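J.: Sequence first, predicted model second:
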Amino acid sequence: MGTSGDKAVLVDVEGHVRGRVVEPYQTFYPRAGWAEQEPEDWWRAVTRGTRGLLETTGVSPKDVLCVTFSTQMINVVPLGAAGEVLRRAIIWIDNRAGEQAEKIMGKFAGARMFALIAGATLNGKDGLPKLLWLKEKEPQVYNSMSCFVDVAGYLFYRSTGNIAMEWSGASVFGIDLKKKVWRAVCSST
């Protein structure tokens, strides 16, 4: 799942590509520096692309051993208590949360100290500032949110009914990959 569409590939057990398909979807730019997508558009692209691959290759669904997703990262898809999408996804190229990035780093005596602790500075494209932006600018969405996922998490949820985030996706939101626990980076924010 890229920025402009789903690039689906069907590979056999020997590693040979049996088919390829691209299913585009729209990116919305409501303001300068903002970029959003409809999560349902991702799902439609996955289902159309999968059907197309199976039809053009003649492969039966019962012969498919595995489905996996490789996706864009640093997205925020807020979900409500019933698993419903509460707003368009704020995608990785969205840079609306610069003020919130500075606010978070300010809690650590600035960008330099934050980078020493976290390994890098934050900017308006990062996940935690985007979540803080939601809390400050769209409190009705933030307060209705039971959880959030990224693109991979949303596709996993639509595929299985289980809400989860894989490790590398979670790492950009503050999970400690060594300890497998969430860091409390902005708990008082």
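T.: Received the coordinates, thanks. Residues are numbered from 1 along each chain as shown.

J.: Quick one: name whatever helix or strand follows the longest helix along the chain.
T.: The residue-count maximum for a helix in the chain (DSSP state H) belongs to helix 39-57. In the C-terminal direction, the helix or strand that comes right after helix 39-57 (DSSP states H and E) is strand 77-79.

J.: packing partners for that following strand?
T.: In this structure, strand 77-79 packs against helix 139-144, strand 147-149, helix 151-160, with contacts taken as 3 or more Cβ pairs under 8 Å, 6 or more residues apart in numbering; DSSP states H and E. To be clear about C-beta, it is placed using only N, CA and C from the backbone, and glycine gets the same treatment.

J.: What are the contacting residues of that strand?
T.: 39, 85-87, 89, 134, 141-142, 144-151, 153-154, 157, 163 (Cβ atoms under 8 Å, 6 or more residues apart in numbering).

J.: Buried only: go through these for me.
T.: 39, 85-87, 89, 134, 142, 145, 148-151, 153-154, 157 (16 or more other Cβ atoms under 10 Å).

J.: nearest to residue 20, of these?
T.: Within the buried ones among the contacts of strand 77-79, proximity to residue 20 (Cβ to Cβ) peaks at residue 151, which comes in at 19.8 Å.
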